[in-house]
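Peer 1: please find the sequence and the predicted model below.
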Amino acid sequence: MSFVLCSEEDVTDFICENKNKNTQTKTKGDVALFTRFLLGVGEELPPEQLRPELLDKWISRFFLSVTGRMSHLQADKFFNK
């Protein structure tokens with residue numbers, strides 16, 4: 001069996017051509033919401049510049065807050081650094 005070698009550009013083009021436009025719109029909205037969350041809790045760095053450990057922490061806190069798994073009082077205590 002032989003495989004055809006593909007360039008990075010071929011891969012990127014393939015992904016872009018096959019992405020659902022609704023998915024792209026939702027992803028942009030989700031990233032914007034997460035970025036607003038980070039600003040709201042005093043994090044100054046954008047998500048792409050956070051260390052992996054810190055990003056994990058913030059994503060976990062974000063998920064907990066948006067899924068409503070924490071009461072208002074717990075959230076205030078939880079988000080204070």
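Peer 2: That came through, no problem.

Peer 1: so where does Leu5 fall, helix or strand?
Peer 2: Here Leu5 is covered by no helix or strand, with elements defined by DSSP states H and E.

Peer 1: residues in contact with Thr35?
Peer 2: 46-47 (C-beta atoms under 8 Å, 6 or more residues apart in numbering). Bear in mind the C-beta positions are built from the backbone N, C-alpha and C, glycine included.

Peer 1: what does the pLDDT read for it?
Peer 2: At Thr35 the predicted local distance difference test score is 95.

Peer 1: buried sites along the helix or strand where it lies?
Peer 2: With elements delineated by DSSP H and E, Thr35 resides in helix 21-40, which encompasses its position. Buried residues in helix 21-40, counted by 16 or more other C-beta atoms under 10 Å: 34, 37-38.

Peer 1: ok, these vs Val4, which is closest?
Peer 2: Phe34 (37.3 Å; C-beta to C-beta).

Peer 1: neighbours around Leu50, how many?
Peer 2: Taking other C-beta atoms under 10 Å as the criterion, the count of residues near Leu50 is 16.

Peer 1: which one among the buried residues of helix 21-40 gets closest to Ser65?
Peer 2: Each of the buried residues of helix 21-40 was checked against Ser65 using C-beta to C-beta; the closest is Phe37, at 7.2 Å.

Peer 1: would you agree that closest one is in contact with Phe62?
Peer 2: Yes: using C-beta atoms under 8 Å as the test, Phe37 is close enough to Phe62 to be in contact (5.1 Å).

Peer 1: how much space between the one residue sitting closest to the centre of the chain and Glu53?
Peer 2: The geometric centre of the chain, computed from its C-alpha atoms, lies nearest to Val31 (C-alpha atoms, centre = their mean), at 5.1 Å. Using C-beta to C-beta, to the nearest Å, we find Val31 at a distance of 20 Å from Glu53.
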